[in-house]
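S.K.: I would like to see how this sequence folds:
(chains A and B)
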There are 2 protein chains.
Amino acid sequence: MMREYLQRKIELVNKELDSIYLEQDALNSTLAKSMNYSLMAGGKRLRPVLLMAAADAVGANGENFVHLATSIEMIHTYSLIHDDLPAMDNDDYRRGKLTNHKVFGDGVAVLAGDALLTMAFEVIADSPNVDVAKKLKIVKEISHAAGPEGMVGGQVIDLESEGKHIDMNTLQKMHRAKTGALFCAAIRSGAILGDATDKQLEALTEYARQFGLAFQITDDILDVTGDEASIGKPVGSDEKNHKSTYVTLGSLQSAKDLAQKAVDNAKEALKDFGTEADFLREIVDYLISRKK
Amino acid sequence: MMREYLQRKIELVNKELDSIYLEQDALNSTLAKSMNYSLMAGGKRLRPVLLMAAADAVGANGENFVHLATSIEMIHTYSLIHDDLPAMDNDDYRRGKLTNHKVFGDGVAVLAGDALLTMAFEVIADSPNVDVAKKLKIVKEISHAAGPEGMVGGQVIDLESEGKHIDMNTLQKMHRAKTGALFCAAIRSGAILGDATDKQLEALTEYARQFGLAFQITDDILDVTGDEASIGKPVGSDEKNHKSTYVTLGSLQSAKDLAQKAVDNAKEALKDFGTEADFLREIVDYLISRKK
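M.R.: This next block holds a predicted model:
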């Protein structure tokens, strides 16, 4: 059941992203190509899927909100483009494909990221099936999560930690901001769109926190145990780059234990939800068993 | 009268920017310092002042909207930070001060720009004295103006035109997108906030277009006639860089004539407005007589 649900939602997101791209009256074709290159580079679409799934979990039909959901994928994609730049992680490959700046040059890559981030807010404002008050709440959720106190703040901590030993507290703070905040905003946005009660919103927020944690620990584990062809980047790069991770600060086993604990906590947060939340329950298991 | 009005509005904007910065629970002090460095680097605050002036012109009190107005200054500031990067214009100085990346490094400069852009939308969402429907309209105005069909689209045309001869049509298209669109969004946002009629909104949009044109032509003229100490960058850099401008595509005199025509057209667009629009009338004269 979970795989069909996931596949269907991913296809919906891809179709919607495609139509937004086609609708765009491209002022400049280089920019449009560069934006599209990264948007369509085979992402897992986890954030928009989680948004729709959270709306489903509170009894709404998440698919009605696919247009708005693509905004979060645009923000995620922009962050990857900027993260890969020579001034940051200086990565040549992502998901087995050349990174944006390797294809389009550093200048266009910076601007393609800027354009995706900006356009995300226009997509929210233009979304059908959503009243203005909810749209504005979501502008607030997402801008806060992606901004200086969220994702971008986490990126700067990451940049400053390069090659340095950091402690577990700093590591957690960094990941909560860098990846956790946007997961949280995706799930909370879905809950808001689906008219969640305050109690449901709180439970889904806790689910999102644990989800983000399990996601990040799994990323760190895959850097050690993963298969280069599957993850699309060299294995063992964290250790080589003296990067502090949940594995290097503990052990492979302690990281696996922490990940399992986060999965259990995520499911526990959903205890008052019915079968509508089954996808959210199942995807955390899938998450820590993933190979890429 | 104009100078007092301008001075008062600039001080309000600076005070508001200061308080937003202080309120910010800085997740990372490097990021906060970098954002603040460029926000407080002595900008003319033209865009937020125009927003407030447009609200005044339709009979509202523009000063009520100073919080929202700072969002446009944040977007303008982010665009300057990214524009100065080595991957783009590679400028070491702006307004006589070192550019952001020269002080904080390329990586932090990219992220400070990202943070300012993202935070701008949170500032809109949080603005007092504005109902949700208007806020959402303004999110749409500004995201469209700053996005791939506006400012960022214009930046890519600029990047692709480097060292190449471009014709007058391309030059106009580039500037309308790169600088014109955000002026337009500032003025239209002020008009919307002040409950402009459709006819007033249309007239102010035309004013904004002519304003943006006069602004850009004056920039090109100053690159030839300006004083290095006043404009804070080397004079004659456009010609040295083989950059197509309103001066190099015509002559100094033809550029001056075009600028004067845009000023006349801007004032003509305000013909049905009363004395409430006097500031907007006077500032276009000031604009083409400016020395920096």
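S.K.: next one, pLDDT for the closest residue to residue A:250 other than its chain neighbours please.
M.R.: Excluding its sequence neighbours, the residue lying closest to residue A:250 (C-beta to C-beta, 6 or more residues apart in numbering or on different chains) is residue A:258, at 7.6 Å. Quick note: C-beta positions are derived from backbone N, CA and C, even for glycine. pLDDT recorded at residue A:258 is 96.
S.K.: other SSEs contacting the helix or strand that contains residue A:258?
M.R.: Taking DSSP states H and E as the criterion, residue A:258 maps to helix A:252-269. Packed against helix A:252-269, as judged by 3 or more C-beta pairs under 8 Å, 6 or more residues apart in numbering or on different chains; DSSP states H and E, are the following elements: helix A:198-225, helix A:278-289.
S.K.: most tightly surrounded among those helices?
M.R.: For the helices and strands packed on helix A:252-269, the largest average neighbour count (mean count of other C-beta atoms under 10 Å in any protein chain shown) is found in helix A:198-225, namely a mean of 20.
S.K.: just how off-centre is that one within its chain?
M.R.: Relative to its parent chain, helix A:198-225 has a centroid offset of 11 Å by C-alpha atoms, centre = their mean, to the nearest Å.
S.K.: please see if that helix touches chain B.
M.R.: No: using C-beta under 8 Å from any C-beta of the partner chain, helix A:198-225 never reaches chain B; the gap is at least 15.8 Å.
S.K.: now that helix: average pLDDT?
M.R.: The average pLDDT within helix A:198-225 is 95.
S.K.: that one versus helix A:278-289: what angle between them?
M.R.: 20 degrees (axes from the mean of the first three to the mean of the last three C-alpha atoms, to 10 degrees).
S.K.: name the helix or strand for the residue most central in space within chain A, please.
M.R.: Nearest residue to the geometric centre of chain A (C-alpha atoms, centre = their mean): residue A:47, 4.8 Å. Applying DSSP H and E as the criterion places residue A:47 in helix A:46-57.
S.K.: close to chain B, is whichever helix or strand comes after that helix?
M.R.: Proceeding N to C from helix A:46-57, the next assigned helix or strand is helix A:66-84, under DSSP H and E. Yes: Helix A:66-84 is in contact with chain B by C-beta under 8 Å from any C-beta, via A:78, A:82.
S.K.: how far does helix A:66-84 sit from the chain's center?
M.R.: From the chain centre to the centre of helix A:66-84 is a distance of 8 Å (C-alpha atoms, centre = their mean).
S.K.: so after it, what's the next helix or strand?
M.R.: Where DSSP H and E defines the elements, the next helix or strand beyond helix A:66-84 is strand A:93-94.
S.K.: what's the nearest residue in the stretch 151-292 of chain A when you look at chain B?
M.R.: residue A:153 (3.5 Å; C-beta to the nearest C-beta).
S.K.: what about that residue, neighbour count?
M.R.: Using other C-beta atoms under 10 Å in any protein chain shown, residue A:153 is surrounded by 27 other residues.
S.K.: quick one: contacts for it?
M.R.: Each residue near residue A:153 by C-beta atoms under 8 Å, 6 or more residues apart in numbering or on different chains is listed here: A:147, A:177, B:27-28, B:31, B:115.
S.K.: what does the pLDDT read for it?
M.R.: You'll see residue A:153 listed with a pLDDT of 95.
S.K.: what about it, which helix or strand?
M.R.: If you go by DSSP H and E, residue A:153 is part of helix A:151-161.
S.K.: what's the offset of that helix from the middle of its chain?
M.R.: Helix A:151-161 has its C-alpha centroid displaced from the chain centroid by 16 Å (C-alpha atoms, centre = their mean).
S.K.: how big is the angle separating the next helix or strand after it from helix A:151-161?
M.R.: Where DSSP H and E defines the elements, the next helix or strand beyond helix A:151-161 is helix A:168-175. Relative orientation of helix A:168-175 versus helix A:151-161 (the same axes, to 10 degrees): 140 degrees.
S.K.: show me what contacts residue A:246?
M.R.: Going by C-beta under 8 Å, 6+ apart, residue A:246 touches A:171, A:216-217, A:220-221, A:254-255, A:258-259.
S.K.: from the residues you listed, which is closest to residue A:131?
M.R.: Closest approach between the contacts of residue A:246 and residue A:131, by C-beta to C-beta: residue A:216, at 34.1 Å.
S.K.: pull the contacting residues for the nearest residue to that closest one once chain neighbours are set aside.
M.R.: In space, residue A:216 comes closest to residue A:175 once its chain neighbours are excluded; the distance is 4.5 Å by C-beta to C-beta, 6+ apart. By C-beta under 8 Å, 6+ apart, the contact list for residue A:175 reads A:154, A:212-213, A:216.
S.K.: again with residue A:188
M.R.: A:54, A:141, A:201, A:204-205, A:208.
S.K.: cool, residue A:209 as well?
M.R.: Applying C-beta under 8 Å, 6+ apart, we find residue A:209 in contact with A:176, A:180, A:184.
S.K.: next helix or strand past the helix or strand of chain A with the lowest mean pLDDT?
M.R.: Least confident element among the helices and strands of chain A, by mean pLDDT, DSSP states H and E: helix A:228-231 (a mean of 66). Sequence order places helix A:237-240 as the next helix or strand after helix A:228-231, per DSSP H and E.
S.K.: list the buried residues in that following helix.
M.R.: residue A:238 (16 or more other C-beta atoms under 10 Å in any protein chain shown).
S.K.: identify the residues contacting it?
M.R.: Residues from elsewhere that reach helix A:237-240 (C-beta under 8 Å, 6+ apart): A:220, A:223-224, A:243, A:245, A:247-248.
S.K.: turn the helices and strands packed on helix A:252-269 into CSV, including distance to residue A:264.
M.R.: Listed next are those as CSV, based on distance: least, C-beta to C-beta, whole Å:
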stretch, distance to residue A:264
helix A:198-225, 8
helix A:278-289, 9
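S.K.: closest one to residue B:269 among those helices?
M.R.: Of all the helices and strands packed on helix A:252-269, it is helix A:198-225 that lies closest to residue B:269, at 47.6 Å by C-beta to C-beta.
S.K.: could you check the angle the closest one makes with helix A:252-269?
M.R.: 160 degrees.
S.K.: now helix A:198-225 and helix A:46-57, what's the angle there?
M.R.: Using the same axes, to 10 degrees, the direction of helix A:198-225 lies 150 degrees away from that of helix A:46-57.
S.K.: where's the spatially closest residue to residue A:36 that is not a sequence neighbour, which helix or strand?
M.R.: Spatial nearest neighbour of residue A:36, excluding adjacent residues (C-beta to C-beta, 6+ apart): residue A:21 at 5.4 Å. Element membership for residue A:21 (DSSP H and E) is helix A:2-23.
S.K.: next, count neighbours for residue A:143.
M.R.: 27.
S.K.: distance of residue A:105 from residue B:127?
M.R.: 37 Å (C-beta to C-beta, to the nearest Å).
S.K.: re earlier: alpha carbons only: can I get the helix holding residue A:153 in PDB?
M.R.: Only the C-alpha atoms of helix A:151-161 are listed here, as PDB (Å, rounded to 0.1, in the frame of the first residue of the first chain):
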ATOM      1  CA  MET A 151      17.500  26.200   7.000                       C
ATOM      2  CA  VAL A 152      19.900  29.100   6.000                       C
ATOM      3  CA  GLY A 153      21.000  29.400   9.600                       C
ATOM      4  CA  GLY A 154      21.800  25.700   9.700                       C
ATOM      5  CA  GLN A 155      23.800  26.000   6.500                       C
ATOM      6  CA  VAL A 156      26.000  28.700   8.000                       C
ATOM      7  CA  ILE A 157      26.700  26.500  11.000                       C
ATOM      8  CA  ASP A 158      27.600  23.700   8.600                       C
ATOM      9  CA  LEU A 159      29.900  26.000   6.700                       C
ATOM     10  CA  GLU A 160      31.600  27.100   9.900                       C
ATOM     11  CA  SER A 161      32.000  23.600  11.200                       C
END
